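**Student:** Next comes the sequence, and after it the predicted model I'd like to discuss.
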Amino acid sequence: MPTVKVNGINLYYEVSGQGHPLILIMGLRRNISWWYRQMPELSRHFTVIAFDNRGAGRSDKPVMEYSIGLFADDTAGLMNALDIKNAHVLGISMGGYIAQELAIRHPEMVRSLVLVNSIGGSSWKSGRTLRSITERPLWDWGLHFPGDVWPLRQATRVLPVVAEDLLPNLVRNPRAIIKVANLARRERRAFFGTRKTKGATG
C-alpha cells in the first residue's frame, strides 16, 4: 500500500492518470473509496492524487486534537513528499474547508480551487467571539453543521427561491423526484457493495 510520512504520520494515497496534478480531498471520516466513480474519469485528463485524511481509511489515526489547519498542512506535506509544486485542488464537504485553508496557507501550491458541496468562510463563532476556522474542533464542526448551512434567520430568504425553482419542475415532471431517489438508492447500494469487496474502512 503506498504511504508517505507526513507531519509525523503515515498517509495512504493513490495516484492515477496523466496530466497536470489534481488533488482530491475527501470529507469528514470518508476515504478514497468514495471517489470510485470520479477517479477513472478524472484520470483521463489529470494525474489524480487521492488520499485518506489522518483519522480515516488506511492513514494513521493518532489520538489528538484534529483541525482544518492540520489537515491542510497534511495535504501540503503530501504534495511536497510527492514533489508536486502546484496542483488543481478539489475538496468535497469538509474537504472544501481543507482546500480553502490550503490555498490560504500555501497559495503557491494551488493552481485552481474547486469546492463541491461545501461552504466558504474563514471564521466561526465560539460563544460571542469570532475565531479562525482553523481553530474549530471537528466535533463542533460536525455538531453544528446543519445550523451553519441552514440558520433559521435565512430560511425566509431561501425557501421562496427553492419553491420558485422546485415547484414548477415538480408540476412539469412529478415523476422526476422518484427517478432521482431510485438513482440515489442504486448508487448507494453499488457503492457499499464495492466497499465490502475491497475491505475499505471508514
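**Tutor:** Nice, I can see it. Worth saying up front: this structure is predicted, and the values here are computed from it rather than measured.
**Student:** Where does Asp73 fall, secondary structure wise?
**Tutor:** If you go by DSSP states H and E, Asp73 is part of helix 68-81.
**Student:** Neighbours of Ser43, how many?
**Tutor:** For Ser43, the neighbour count with other Cβ atoms under 10 Å is 17. Every residue, glycine included, has its C-beta placed from N, CA and C.
**Student:** Excluding residues flanking it in the chain, which one is nearest it?
**Tutor:** Gly17 (3.0 Å; Cβ to Cβ, 6 or more residues apart in numbering).
**Student:** And the closest residue to Asn31 other than its chain neighbours, how close does it get to His20?
**Tutor:** Leaving aside its chain neighbours, Asn31 sits nearest to Gly57 (3.0 Å; criterion: Cβ to Cβ, 6+ apart). Distance, Gly57 to His20, using Cβ to Cβ, to the nearest Å: 25 Å.
**Student:** And those two? Which one has more around it.
**Tutor:** Neighbour tally, Gly57 and His20, criterion other Cβ under 10 Å: the higher count belongs to Gly57, 21 against 13.
**Student:** Name the SS class of that one, please.
**Tutor:** coil (DSSP: H, G, I helix; E, B strand; the rest coil).
**Student:** okay, now the domains of this structure?
**Tutor:** Following automatic domain parsing, one gets these domains for the chain: 3-149, 152-202.
**Student:** quick one: average pLDDT of the longest one?
**Tutor:** What domain 3-149 shows for mean pLDDT is 87.
**Student:** Tell me which stretches of the chain form strands.
**Tutor:** 3-6, 9-16, 21-25, 47-51, 87-92, 110-116, 123-126, 129-132 (DSSP state E).
**Student:** Adding distance to Ala103 and mean neighbour count, write those out as a markdown table.
**Tutor:** Output for these, formatted as a markdown table (distance: least, Cβ to Cβ, whole Å; neighbours: other Cβ atoms under 10 Å):
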| stretch | distance to Ala103 | mean neighbour count |
| --- | --- | --- |
| strand 3-6 | 18 | 16 |
| strand 9-16 | 19 | 17 |
| strand 21-25 | 11 | 25 |
| strand 47-51 | 16 | 24 |
| strand 87-92 | 7 | 24 |
| strand 110-116 | 4 | 16 |
| strand 123-126 | 16 | 14 |
| strand 129-132 | 15 | 11 |
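**Student:** Tabulate these (TSV), appending distance to Met79.
**Tutor:** Listed next are those as TSV, based on distance: least, Cβ to Cβ, whole Å:
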stretch	distance to Met79
strand 3-6	9
strand 9-16	10
strand 21-25	7
strand 47-51	8
strand 87-92	7
strand 110-116	10
strand 123-126	26
strand 129-132	22
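**Student:** Right, I'll leave it there.
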